[in-house]
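Q: Could you look at this predicted model? Sequence included:
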Amino acid sequence: MIVTVTANPSVDRTVEVDALARGTVIRARAAHVDPGGKGVNVSRALAALGHKTRAVLPSGGAEGRQLADLLAADGIELVLVPIRGAVRANVSVVEPDGTVTKLNEPGPYLVPDESAAVAEAVRTAAAQADWVVLAGSLPPGVPEDFYARLAETLRRGGTRVAIDSSGPAFASALTARPHLVKPNREELAEAAGMPVATLGDAVAAAGVLRARGADAVLASLGADGALLVDDGGAVHGEAPVPVPRSTVGAGDALLAGFLAAGGCGARALAEGLAWAAAATGLPGSRMPAPADLDRTAVRLHDTVETGRALRERDPA
Ligand SMILES: Nc1ncnc2c1ncn2[C@@H]1O[C@H](COP(=O)(O)OP(=O)(O)O)[C@@H](O)[C@H]1O
Ligand SMILES: O=P(O)(O)OC[C@H]1O[C@](O)(COP(=O)(O)O)[C@@H](O)[C@@H]1O
């Protein structure tokens, strides 16, 4: 069982427009709504591919009810912690060439009792979990070391912990010695305090994160695939996507596939890459079904091509 924790979930609205122009009225071509938040997406990917998962998240307001309704059909065991504020709504504006502009709200203010209730729900939900995933930003009011403290407690109790966050919440969580962290290229560079322009830079930056406390680093590198750095060394892998549709949630699919395949080693990296490639080929944050996976497209490289320049972020 993989338990996910999303401190700041969202209702994700994706709006398709012909062109984005500031200060004008834009008539959208289409819009759709998905459940959102990084841990929520990890659970969605796991459930879509037949794995047992439980998602812990604060829930309040009309958006909280909407999010629970959207998730009801997904086969995820939900642990909803009531809060007074309303769950946020994030908007992604997609242009025809695939460029995505994201507007992520800060989220509701959580009073100390509400933060404590989420932490308590996680401790209960985590009993007998194979992995606990702590993912996404923290809403206002939740202390910066929220994931760090949870990770420390879970680790002491023998539970494996994976973290996918950013900024101070991520930096502080490293000190809790998580088993796995999943930064994207920007988060890797920010946390390591160095530019990441080549695969060699990514290996070096992952080394910095390991020196700060992470056992293993699964770095997602957009169109350049992903890199796993652990005690066994570094492995790079990629899975080309002929027509990328949307990368929203692709990093979450990568992490979900990696954990579903055991959460360590090259085989898990390959599985994560297959899930991420499939998610990248689907619209919005839709998660792949078994028929969407093509494991034959995955290529692993034991020798990392350190001089290889990383591509600019794909607009899709
Ligand atoms: N253009 C692309 N072509 C192929 N795979 C991609 C592409 N963009 C993303 N991916 C896959 O999705 C994963 C996550 O994407 P990335 O943008 O790095 O993460 P995040 O969504 O967390 O920002 C990558 O590691 C890669 O496996
Ligand atoms: O918690 P954050 O960092 O604001 O991110 C939340 C957003 O990220 C997502 O989980 C998608 O993640 P990615 O685009 O990084 O794959 C959305 O569902 C959600 O709106």
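A: Done, it's in. Owing to the predicted nature of the structure, the values given are computational and were not obtained by experimental measurement. Numbers count the residues shown, from 1 in each chain. Ligands and ions are numbered 1, 2, ... in the order given.

Q: Hmm, Gly50 and Ala289 touching each other?
A: No - counting by C-beta atoms under 8 Å, no contact exists between Ala289 and Gly50, whose distance comes to 9.5 Å. C-beta: built from backbone N, CA, C; applies to glycine.

Q: tally of neighbours for the one residue in the chain that gets nearest to ligand 1?
A: Using C-beta to the nearest ligand atom, Gly251 is the residue of the chain that sits closest to ligand 1, at 2.0 Å. Using other C-beta atoms under 10 Å, Gly251 has 25 neighbouring residues.

Q: any idea of the pLDDT on the nearest residue to it once chain neighbours are set aside?
A: Leaving out its chain neighbours, the residue that sits closest to Gly251 by C-beta to C-beta, 6 or more residues apart in numbering is Ser220, at 4.8 Å. In this prediction, Ser220 carries a pLDDT score of 98.

Q: again with Thr101
A: 89.

Q: do the one 5 residues further on as well
A: Looking at Pro106, its pLDDT reads 97.

Q: burial of it, as a residue count?
A: For Pro106, the neighbour count with other C-beta under 10 Å is 11.

Q: For the chain, list the residues in contact with ligand 2, please.
A: With C-beta under 6 Å from any ligand atom as the criterion, the chain meets ligand 2 at residues 8, 10, 12, 36-38, 41, 90, 104, 136-137, 166, 248-252, 285.

Q: One more pass at 8 Å, please.
A: Within reach of ligand 2 by C-beta under 8 Å from any ligand atom, the chain has these residues: 6, 8, 10, 12, 34-38, 40-41, 90, 92, 102, 104, 107, 135-137, 165-166, 184, 247-253, 285.

Q: got the buried residues for stretch 97-107?
A: 100, 104-105, 107 (16 or more other C-beta atoms under 10 Å).

Q: chain center to stretch 178-193: distance?
A: When distances are taken as C-alpha atoms, centre = their mean, to the nearest Å, stretch 178-193 is centred 12 Å away from the chain's centroid.

Q: what does the average pLDDT come to for that stretch?
A: The average pLDDT for stretch 178-193 rounds to 97.

Q: got it, and stretch 26-41?
A: The model assigns stretch 26-41 a mean pLDDT of 94.

Q: Which positions in that stretch come out as buried?
A: 34-41.

Q: Tell me which residue lies nearest the centroid of the chain.
A: Asp252 (3.5 Å; C-alpha atoms, centre = their mean).

Q: Dump the helix or strand hosting that residue to CSV, restricted to CA.
A: Asp252 is part of helix 250-260 when elements are defined by DSSP states H and E. Extracted in CSV, the C-alpha atoms of helix 250-260 (Å, rounded to 0.1, in the frame of the first residue of the first chain):
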residue,chain,number,x,y,z
ALA,A,250,4.0,13.7,-15.6
GLY,A,251,6.4,14.0,-12.7
ASP,A,252,3.8,12.5,-10.4
ALA,A,253,3.3,9.6,-12.8
LEU,A,254,7.1,9.0,-12.9
LEU,A,255,7.2,8.8,-9.1
ALA,A,256,4.1,6.6,-8.9
GLY,A,257,5.6,4.1,-11.5
PHE,A,258,8.9,4.1,-9.7
LEU,A,259,7.3,3.3,-6.3
ALA,A,260,4.9,0.8,-7.8
